[in-house]
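Asker: Have a look at this prediction, sequence included:
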Amino acid sequence: MRSTGTRSNIRNILGLTLLWVACGMISSGVRPARALDVFTLWRQRELPLRMTEGAWADYRSQVMVGGRRDEGLTRVICLDREDGSDDETWLLELIPLDELPDGSFVPVPGEGARLRLSRTLLNREGHLLDAVVEVEKWRNGIPEKISEEQLRNDPLVSASLDTEFTPDRTERKDPTTRVVSGTQYLCGQFVMSAADTQSADLPAGRMIQITTREITAAVHEEIPFLGLVFAAERVRSESKLDPPSRKFTPPAPQVRVEVMELLGFGYKAKSVLSPGN
């Protein structure tokens, strides 16, 4: 399909990169880490961007589409200087979690990913992939480095390079109170929306697809990374044929909803993926 309107994509580039990196985890029966969804809105200056060494945050993600619901738990860690960050880069660990019967969360042993990000990230310019210096995936306790060439040549990443999410409209809503680990946070609330129109010429006529995306985000400055306490995304895709034809019925509208909720955060985090852990 070719685009005939504003081009936008809610999925962040680095999240797509991680999806590719995590393929080995899927085959081993471990849920893939969804941690980098925390950076989806990294270019939106309405949200605070705080990369604090030693910070960690746990998120629960739910995706609902076609009557199905998938859920994942992820810990994002920004390591301190002792564990690998330096003057030019941050070293992040993305750890899939398991929930114990008592409600606590523990890392899935030996699984996850390490990403070294350039501190140019703070400029909020260009593509997020440009800030990726190094990626290392872990499976069954064994690390494997993914080269920069492999990342840039991956078709899933390449296809998304020009489709980063850029909202057509951003609205500031009334503050909302969210509870995290028993503590109340008065959060700023934003609604960001975008629309994308694409078309394809078919024998029966021109197929036109309209996709609308809306993100609601609740943020607080005390929360590391992008301050996200809660985020919800709703994507609706609807197709029509021009001119209409009795011989061809366009696909039914599709709706996808994703919710990300902060479960806890803190500081002085240590590496989970270091040898021997």
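Answerer: Structure received.
Asker: Which residue is the nearest non-sequential neighbour of residue 180?
Answerer: Nearest non-adjacent residue to residue 180, counting by Cβ to Cβ, 6 or more residues apart in numbering: residue 262, 5.3 Å away. In this view, the C-beta of every residue, glycine as well, is placed from N, C-alpha and C.
Asker: Sketch out the low-pLDDT regions of the stretch 151-277 of the chain for me.
Answerer: Applying pLDDT under 70 to the stretch 151-277 of the chain picks out residues 151-165, 275-277.
Asker: ok, which stretches of it are helices?
Answerer: Counting by DSSP state H, counting those that start in this stretch, the stretch 151-277 of the chain has helices at residues 155-160.
Asker: quick one: the strands in it?
Answerer: In the stretch 151-277 of the chain, the strands defined using DSSP state E, counting those that start in this stretch lie at 169-180, 183-202, 205-219, 228-242, 254-266.
Asker: Parallel or antiparallel, which strands does the shortest one pair with?
Answerer: This means strand 169-180. strand 183-202 (antiparallel) (DSSP bridges).
Asker: The strand it pairs with vs strand 228-242, what angle?
Answerer: Taking axes from the mean of the first three to the mean of the last three Cα atoms, to 10 degrees, strand 183-202 and strand 228-242 form an angle of 20 degrees between their directions.
Asker: Measure how strand 183-202 sits relative to strand 254-266, angle-wise.
Answerer: Using the same axes, to 10 degrees: strand 183-202 against strand 254-266 is 150 degrees.
Asker: any chance of the strands of the stretch 151-277 of the chain in JSON lines, plus mean neighbour count and distance to residue 94?
Answerer: Shown next, in JSON lines, are those (neighbours: other Cβ atoms under 10 Å; distance: least, Cβ to Cβ, whole Å):
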{"stretch": "strand 169-180", "mean neighbour count": "12", "distance to residue 94": "20"}
{"stretch": "strand 183-202", "mean neighbour count": "16", "distance to residue 94": "24"}
{"stretch": "strand 205-219", "mean neighbour count": "19", "distance to residue 94": "20"}
{"stretch": "strand 228-242", "mean neighbour count": "18", "distance to residue 94": "15"}
{"stretch": "strand 254-266", "mean neighbour count": "17", "distance to residue 94": "14"}
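Asker: Figure out which of those strands is closest to residue 126.
Answerer: Residue 126 sits nearest to strand 183-202 of all those, at 19.2 Å, using Cβ to Cβ.
Asker: Just the CA trace of the closest one, in CSV.
Answerer: Taking C-alpha atoms only, strand 183-202 is exported to CSV below (Å, rounded to 0.1, in the frame of the first residue of the first chain):
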residue,chain,number,x,y,z
THR,A,183,1.6,5.4,47.0
GLN,A,184,-0.5,7.9,45.2
TYR,A,185,0.9,10.1,42.4
LEU,A,186,-0.8,13.1,40.9
CYS,A,187,0.0,12.6,37.3
GLY,A,188,-0.1,14.9,34.3
GLN,A,189,-2.2,13.4,31.6
PHE,A,190,-1.9,13.7,27.8
VAL,A,191,-3.8,12.3,24.8
MET,A,192,-1.9,12.0,21.5
SER,A,193,-3.6,11.0,18.3
ALA,A,194,-2.7,10.5,14.7
ALA,A,195,-4.3,9.2,11.5
ASP,A,196,-2.9,7.4,8.5
THR,A,197,-4.5,6.9,5.1
GLN,A,198,-3.1,4.3,2.6
SER,A,199,-4.4,3.0,-0.7
ALA,A,200,-3.8,0.1,-3.1
ASP,A,201,-5.1,-0.4,-6.6
LEU,A,202,-7.0,-3.7,-7.0
